[in-house]
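Colleague: I'll drop the sequence and a predicted model, then ask my questions.
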Amino acid sequence: MDSYEANLIYGVAWISFGLIHSLFAATKIKDTLEPLLNGYYRLSYNLLALSHIVIIWFIGSHVFNKINFIMLPIYIEIILNIISIFGLILLVISLKNYNLGLFSGASQIRFYKLNKNKINNEPLKRIGLNAYIRHPLYLSLYIILWSQASTAFGLSTAIWGSIYLAIGTFFEERRLLLMYGNSYRDYKIKVPALIPWRGKLH
């Protein structure tokens, strides 16, 4: 298998992830499935996404197994590893501004068992890293992806993963505008998406 075929197969796998992920995140599908799965919809959604991305990883590792790539000097590899660690630290810090119960689906299950039908949206977070950029979690993922681009598999993952994140950011922005309205619109004007070039929000 040559590099073109490997990238084609891996690209199709990533496209399938994006389509299925978007399909189950769509309002109509969500409104249909949520009553059937009750409080377990979010957890099921996360498990499906996790299983899918693991399958994609195995596909990529297989198709790129024998694809040769440029050998980087050891000091470049060390620098990339340091950048990767920085990305992981940024990821952990970014998650502090999320309600991990809602993010994982645990809160939805708890509310369902307590016979509570409605979970209020989280307040718009404009503190911590979110005072500098709107999507610190996405930035950390970009950093991690590109710090691993020292192999053919890593480079292809960085490219397809970045395309997915860019599209995901577009739809996330639309969702946040619908959820928070003018508050998010004002926040969006004052705070950049990924690069903290304006400094801290005051």
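Modeller: Nice, thanks for sending it over.

Colleague: Which neighbouring elements make contact with the helix or strand hosting residue 169?
Modeller: Using DSSP states H and E, residue 169 falls within helix 152-180. If you count contacts as 3 or more Cβ pairs under 8 Å, 6 or more residues apart in numbering; DSSP states H and E, helix 152-180 packs onto helix 3-25, helix 41-63, helix 136-147, helix 182-190. Heads up, the C-betas are built off the backbone N, CA and C, glycines and all.

Colleague: So which bits of stretch 125-137 are buried?
Modeller: Neighbour counts using 16 or more other Cβ atoms under 10 Å place 126, 129, 130, 131, 132, 133, 134, 135, 136, 137 of stretch 125-137 among the buried residues.

Colleague: which residues are contacting that stretch?
Modeller: 90-91, 93-98, 139, 169, 172, 187-188, 191-196, 198-201 (Cβ atoms under 8 Å, 6 or more residues apart in numbering).

Colleague: How much space separates the closest residue to residue 185 other than its chain neighbours from residue 129?
Modeller: Excluding the flanking residues, the one nearest residue 185 by Cβ to Cβ, 6 or more residues apart in numbering is residue 177, at 6.4 Å. As defined by Cβ to Cβ, to the nearest Å, residue 177 lies at a distance of 20 Å from residue 129.

Colleague: Any idea how many residues pack against the nearest residue to residue 61 once chain neighbours are set aside?
Modeller: Closest residue to residue 61 apart from its sequence neighbours, by Cβ to Cβ, 6+ apart: residue 153 at 6.2 Å. Neighbourhood size, residue 153 [other Cβ atoms under 10 Å]: 21.

Colleague: My guess is residue 153 contacts residue 60. True?
Modeller: Yes. Using Cβ atoms under 8 Å, residue 153 is in contact with residue 60, at 5.4 Å.
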